[in-house]
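Q: Only the shape, not the letters, is given here:
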């Protein structure tokens, strides 16, 4: 009685490798190797199928039938048939099978030439195991997605299965298996890998290797903000729109040497506006050698992307450091236009809400071209080419479906293709989803899908909304996913953020991270979500509407509210923990804290706060609406220090408006004053100086009512800053009386803070006072106060957090150098600035502060005749002032540098 594969495998394992045993039992060998052949008599009495499931449980796979039956192999003569083996199966007719490539070489490499002796065989085996065969006996771990592709291909060939046979037996589509073997799909879902492994009948060690390779291919990274304004991947089977593409090419080529005309691509939802813009950008890449950039303006969101935030992202994409981006939106727009003036870039502004949102994002007169997509024509924009999109023509629609489904299948049912295009409303988005369904269901006919869409269409026709034509196709996708993925899809509609990560999905669905990721990836596979980069997912705006409708239909209001509250509570909890990384006295979260995200460093905390900014701000708004005043105040307080690290964010004023309002609602005037001071600070940072001064004065009034000395000092400090900034930018704009009042308020602010023991704010107030003294012409007094402040900060008894003391000392030394400079004590100024820059290198204050110190150092060195040192200091100062958002000061430094390069200056 012939032996079963399992018993054969067990008997051969002591003498042969797993790969050789598997090959010996597959269709890929004419005969077993010498060791295997010697071991065969010892197992020839084993019963067929021992330890295996009965044939009745799995009758469909020919490979499985082969493994269960008795077998023999016969070589086929003739050069045309070389490499083929003739197998006879007890349950089937004689059949042909091509031997897997390299089988003979693999076996010879593993076991050696029969006449080469034991040593030769051992050497050959060691050499081969050091190569590329995916064999766990090598003792090597799986390293990347290509290893999974190699493993799958080797295991399938060793089992003697074609891709089609493996697909039929496992339920995994032919296309999916092909993508895995080509390395396109590097990390398939766990259940997909398990289904393949079951059909391949791998022994435990190879089964583990197979699953490990798949896990490596799907890494899960911490949320993060990756790929700033990258152009999304285009559609490989893009079809139609030749007229529109020709017009865009003509406009781009016509303006190759002059100002480019912006183009607005507009039309109803689902027309493929974004797809056309991205495809056109790919075609036009050679005409725009300085790059293509993509920015989602989120025009259909309740809160579209602010123009200032869009400018920030584009400036970062163009290479500007975050610290160099001005807080003022107009300055940002100026820098953006200046950067594009000499560059030839293509900018895609997607999903615009209106003219006012887009206008600041348009380049000036340079050669860069802008493509804008919107549901609206944006006719209020001046000098913009309109490009309306209508529905695809019947011929284009059919061509698009044929490209997605495949020509052989479409050719068999040409009428059904046309009918399916009609049912999809000739909307590209709907046809793509329907085509994907056909791809994932090879057993379906096109007519069958058209019939299903027709049934859904009758149900949805009564809604009579244009975008609901797409809902029929969405419904088919929704029906194909697992119940867990459906629930994930519905619950994600509760998030108003433009994108989201795996932890947020896990919170909404109460799944662990692995299961949540599997559900998200399933939705991506079926086109209901997209994943712009690792660990982040987003809805198309139409799909979000459909998910919201399903949520309303399928889940009771109570369940929706519970999920929303759970999400918002989690967002605010993590926001507080992340924000406290930047607050003195807190830092890292306690060891026992764990909430699905990793916040092991300030960098990780900052990345999470930036990535989820829209989400936690929406949760804060909800808490304020519900009257959860204590929560609102706690979150805002934890953000105070982080707001100094993310100055360009447009929403800081709203955060502190909510918190000061919450304190006022609670009747807590101390907290109200504190958060009004925070609000005044961010308003001043954004050059809203009049609002900042008025807010600080309101805080001062409250602090006086409560008798809080510390708050009075802080409020006075912030009330003075608009005058200081105005004098620095334009001394003539500040009258002497205003300057004297600022001098008095600065001194009183420092006194209040010293009296309150505020060791963090006191040095800032004193530095401001010294600055005003020098600006008012009291250089000797400024020098005296600077020396006193430096001595105070260097006193070990001063206290305070070391990082803050170091930063304050650097600023105090810079004020000392400025006082020496005003008194023309050049050597003393150089020494003070060198000490200041040394402290700043440790404390890393804002780039603007360091840039001013470098500029003043350059001035002192120039007066000493040390031209080369002065040139280096000024160049560094110019760079830092540009990075710190002070282009006007950087331009002044550039003029000083130009003077240094003139005759007689060592140039």
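A: Cool, the structure landed. These numbers were taken from a predicted model, which means no experiment stands behind them.
Q: how much space between residue 859 and residue 833?
A: Taking Cβ to Cβ, to the nearest Å as the criterion, residue 859 is separated from residue 833 by 9 Å. Where C-beta positions appear, they are placed from N, C-alpha and C, glycine not excepted.
Q: Looking at these two now, which is surrounded by more residues?
A: When residue 859 and residue 833 are compared for neighbours, residue 833 comes out ahead with 27 against 21, by other Cβ atoms under 10 Å.
Q: What are the buried residues along the helix or strand containing that one?
A: Take DSSP states H and E as the rule and residue 833 turns out to sit in helix 826-843. Judged by neighbour count using 16 or more other Cβ atoms under 10 Å, the buried positions of helix 826-843 are 826, 828-833, 835-837, 839-840, 843.
Q: go on, stretch 596-614?
A: By neighbour count, with 16+ other Cβ under 10 Å as the criterion, the buried positions of stretch 596-614 are 596-597, 599, 604-614.
Q: With stretch 845-865 instead?
A: 845-862.
Q: who touches residue 303 in this structure?
A: Going by Cβ atoms under 8 Å, 6 or more residues apart in numbering, residue 303 touches 496, 614.
Q: Please report how far it lies from residue 387.
A: 27 Å.
Q: What of residue 752?
A: With Cβ to Cβ as the criterion, residue 752 and residue 387 are 61 Å apart.
Q: Nearest residue to residue 490 in space, please, no chain neighbours.
A: In space, residue 490 comes closest to residue 551 once its chain neighbours are excluded; the distance is 4.3 Å by Cβ to Cβ, 6 or more residues apart in numbering.
Q: So that neighbour belongs to a strand, correct?
A: No - Residue 551 is assigned helix when assessed by DSSP: H, G, I helix; E, B strand; the rest coil, not a strand.
Q: mind listing the helices for the stretch 801-907 of the chain?
A: Using DSSP state H, counting those that start in this stretch, the helices of the stretch 801-907 of the chain run over residues 802-822, 826-843, 847-863, 867-883, 887-900.
Q: For the third one, give the mean pLDDT please.
A: The reference is to helix 847-863. Per-region confidence: helix 847-863 scores 92 on mean pLDDT.
Q: show me the contacts for the nearest residue to residue 816 once chain neighbours are set aside.
A: Spatially, and ignoring its direct neighbours in sequence, residue 816 is nearest to residue 786 (3.8 Å; Cβ to Cβ, 6+ apart). Residue 786 makes contact with 770, 812, 815-816, 819 under the criterion Cβ under 8 Å, 6+ apart.
Q: ok, of those residues, which one's closest to residue 319?
A: Using Cβ to Cβ, residue 815 is the member of the contacts of residue 786 that sits closest to residue 319, with 32.9 Å.
Q: how many neighbours does the closest one have?
A: 27.
Q: same check, this time on residue 233
A: Other residues near residue 233 come to 10 when the count uses other Cβ under 10 Å.
Q: pretty sure it belongs to a helix, no?
A: No - note on residue 233: no helix contains this position according to three-state DSSP, which reports coil.
Q: gap between it and residue 294?
A: When distance is defined by Cβ to Cβ, residue 233 is 11 Å away from residue 294.
Q: one step back: quick one: which of the buried residues of helix 826-843 is nearest residue 677?
A: Within the buried residues of helix 826-843, distances to residue 677 taken as Cβ to Cβ reach their minimum at residue 843, with 22.8 Å.
Q: what's near enough to touch the closest residue in space to the closest one that isn't next to it in sequence?
A: Leaving aside its chain neighbours, residue 843 sits nearest to residue 807 (3.6 Å; criterion: Cβ to Cβ, 6+ apart). Taking Cβ under 8 Å, 6+ apart as the contact definition, residue 807 lies against 839-840, 843-845.
Q: Could you tell me what pLDDT the model assigned to residue 807?
A: Note for residue 807: predicted pLDDT of 86.
Q: distance of it from residue 886?
A: In this structure, residue 807 and residue 886 are separated by 19 Å, where distance is defined by Cβ to Cβ.
Q: How about residue 668?
A: From residue 668 across to residue 886, the span is 38 Å (Cβ to Cβ).
Q: Ok, residue 343 next?
A: Computed as Cβ to Cβ, the residue 343 to residue 886 distance reads 22 Å.
Q: ok so, going back, what angle separates the helix holding residue 833 from helix 847-863?
A: 150 degrees (axes from the mean of the first three to the mean of the last three Cα atoms, to 10 degrees).
Q: average pLDDT for helix 826-843?
A: Confidence over helix 826-843, taken as the mean pLDDT, stands at 92.
Q: ok, now stretch 350-364?
A: Stretch 350-364 shows a mean pLDDT of 91.
Q: Equivalent analysis for stretch 563-580, please.
A: Predicted confidence along stretch 563-580 averages 96 (mean pLDDT).
Q: now it, how far from the chain's geometric center?
A: Stretch 563-580 has its average C-alpha position 20 Å from the chain's average C-alpha position, going by Cα atoms, centre = their mean, to the nearest Å.
Q: neighbouring contacts of that stretch?
A: Stretch 563-580 is contacted by residues 491, 494-495, 504, 507-508, 510, 586-587, 589, 593, 595-597, 599, 605-606, 608-609, 612, 615-616, 618-620, 622-623, 631, 634-635, 638-642 when judged by Cβ under 8 Å, 6+ apart.
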